[in-house]
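Asker: the following comprises the amino acid sequence and a computationally predicted model.
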Amino acid sequence: MATGVLTTALSLATLAPVATAEPGVPPPTGPHTQAAPDDEGPQRWAPPLAGTSTGVAITEGTARLSTMRDGTETGPAALRGAERQGLLDLGAHQFATPVNRIDAPVTGDVPPGSQVAVDVRGQDADGQWSEWLPAEPGSPAVLPEPTRTVAVRLAMLAPTGSAGPVVRSLEVLADEVPTGPRTIAPRASYRVFATREGLVGGVTANGHRITPNDQFAALPSRRALSPNGRGDYSVRVCAAGGRCATVPVWDVGPWNTKDDYWNPSDQRQQWKDLPQGRPQAQAAFENKYNGGRDGFGRQVKNPAGIDLADGTFYGLGLRNNAFVTVDYLWTAKSAALGRATTAGAGPVVERATPDAAAPDGGVVGDGAQVEVQCQVAGSSVTGTQGTSNLWLRTRPERYVPAAWIQGAPPVPPCT
């Protein structure tokens, strides 16, 4: 067992309320707000080991992987026991001045085969979050643009059946370094193989308990894992028949955990020799890449690049695993965003016209972020946001009632 200081990397979920990504939410204040930085060095933040956790037990200020009362070990449902995983949200912090380079040394015990990882992300002026980026030993994370608001999460990983690591403390060191202008790229959109996750009653990587007819997706990277109940990272999935579902990313899998294949190859966390848009599992299944095995050494039995909850899978009209088109909505900046808020009433139905009796054109899952293009008057609908006859266009010839969409800014009339 090695004891010492390590600077690590990876990803987790579930943010404290101060770190919400909903448009219009003010930056964090209170205990997370820091005074003026020290001119002689980086700004510092030493968050206590406390916060929303999934699979992490905290005892007397020390964090370790937890075990259920029945002896069941914790881990993302979509990974089906490939490894143990615990995630601890340390919240968001507002630095005195903008930062973009983040280092995060951790003190603890890391047995062979285990890992402690720290992921960070930044929030822009419009409330949108960057992807989670690893702050690795000797290689601090560099955010895509400077920001005062930074969120941090701790991931603890271990082989199934092992005790796993122990973390005693973590410190965040932040400063600003020159970078080139941020590249504005088209939104990532790829045709990938979708499988049905199922596993009702299981727990996702962000702590969500899976229910019948659930609406969410799993992707094989923690870089795009949304907090439980939120859709900071949402996907629009469209089947060959034309139906689409916009749902939050709430789980990690089904095969890998470091395969952000939607990113350019040189930015990909792992499998950098594969072309952008090609999941490692697909390359392993179709071309025997990596000997036909995933990142855990398992023989890949299908080319899945996305896992879908039952409600999403069947709502798309799928009856068998199939190729779908996926838009990774956070990969391009949106002018106007809202969040579907249904309080358990099921998904919001997209209609072909702004009328509750119009043909069903798809669904938006609870918590998912949706792009809002314009607004138009239609039939009156009562939802979590009150009663309104306003409808919001989310894509060509698709509308959702404003009564179910929270936080959408004013948009122009549809023409």
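Answerer: Looks like it came in fine. Numbering: from 1, shown residues only.
Asker: show me the strands in the stretch 251-400 of the chain, by range?
Answerer: Using DSSP state E, counting those that start in this stretch, the strands of the stretch 251-400 of the chain run over 304-308, 322-328, 337-340, 348-351, 360-364, 369-371, 374-383, 386-395, 398-401.
Asker: in a markdown table, list those along with distance to residue 168 and mean neighbour count.
Answerer: C-beta here means a position set from N, CA and C on the backbone, and glycine is covered the same way. What follows is the strands of the stretch 251-400 of the chain, written out as a markdown table (distance: least, C-beta to C-beta, whole Å; neighbours: other C-beta atoms under 10 Å):
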| stretch | distance to residue 168 | mean neighbour count |
| --- | --- | --- |
| strand 304-308 | 35 | 27 |
| strand 322-328 | 36 | 19 |
| strand 337-340 | 37 | 26 |
| strand 348-351 | 44 | 23 |
| strand 360-364 | 42 | 22 |
| strand 369-371 | 36 | 25 |
| strand 374-383 | 46 | 16 |
| strand 386-395 | 46 | 18 |
| strand 398-401 | 47 | 25 |
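Asker: of those, which is nearest residue 146?
Answerer: Checking the strands of the stretch 251-400 of the chain against residue 146 by C-beta to C-beta gives strand 337-340 as the closest, at 21.5 Å.
Asker: could you say what helices and strands the closest one packs with?
Answerer: Packing partners of strand 337-340 (3 or more C-beta pairs under 8 Å, 6 or more residues apart in numbering; DSSP states H and E): strand 369-371, strand 405-406.
Asker: confirm for me that residue 373 is in contact with residue 411.
Answerer: Yes. Contact criterion C-beta atoms under 8 Å: residue 373 and residue 411 qualify, at 6.8 Å.
Asker: residue contacts, residue 99?
Answerer: Contacts for residue 99 were tallied using C-beta atoms under 8 Å, 6 or more residues apart in numbering; they are 42, 43, 143, 146, 147, 148, 150, 174, 175, 176.
Asker: most surrounded residue in those residues?
Answerer: Neighbour counts for the contacts of residue 99 peak at residue 174, which has 30 neighbours (criterion: other C-beta atoms under 10 Å).
Asker: sorry, back to before: export the strands of the stretch 251-400 of the chain to CSV and tack on distance to residue 280 and mean pLDDT?
Answerer: What follows is the strands of the stretch 251-400 of the chain, written out as CSV (distance: least, C-beta to C-beta, whole Å; pLDDT from 0 to 100):
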stretch, distance to residue 280, mean pLDDT
strand 304-308, 9, 98
strand 322-328, 16, 98
strand 337-340, 30, 94
strand 348-351, 32, 96
strand 360-364, 29, 93
strand 369-371, 26, 93
strand 374-383, 39, 97
strand 386-395, 30, 96
strand 398-401, 32, 96
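Asker: just tell me which of those ends up closest to residue 158.
Answerer: The closest of the strands of the stretch 251-400 of the chain to residue 158 is strand 304-308. By C-beta to C-beta, the value is 22.3 Å.
Asker: what lines up beside that closest one in the sheet?
Answerer: Its sheet considered, strand 304-308 pairs with strand 189-196 (parallel), strand 217-219 (antiparallel) by DSSP bridges.
Asker: which secondary structure element contains the closest residue to residue 47 other than its chain neighbours?
Answerer: Spatial nearest neighbour of residue 47, chain neighbours left out: residue 90 (4.3 Å); criterion: C-beta to C-beta, 6 or more residues apart in numbering. Under the criterion of DSSP states H and E, residue 90 resides in strand 84-103.
Asker: buried ones in stretch 60-68?
Answerer: 63, 64, 65, 66 (16 or more other C-beta atoms under 10 Å).
Asker: ok, stretch 153-169 next?
Answerer: For stretch 153-169, by 16+ other C-beta under 10 Å, it's 153, 154, 155, 156, 157, 158, 164, 165, 166, 167, 169.
Asker: so of these, which ones are in strands?
Answerer: If you go by DSSP state E, these have 153, 154, 155, 156, 157, 158, 166, 167, 169 in strands.
Asker: no more questions from me, cheers.
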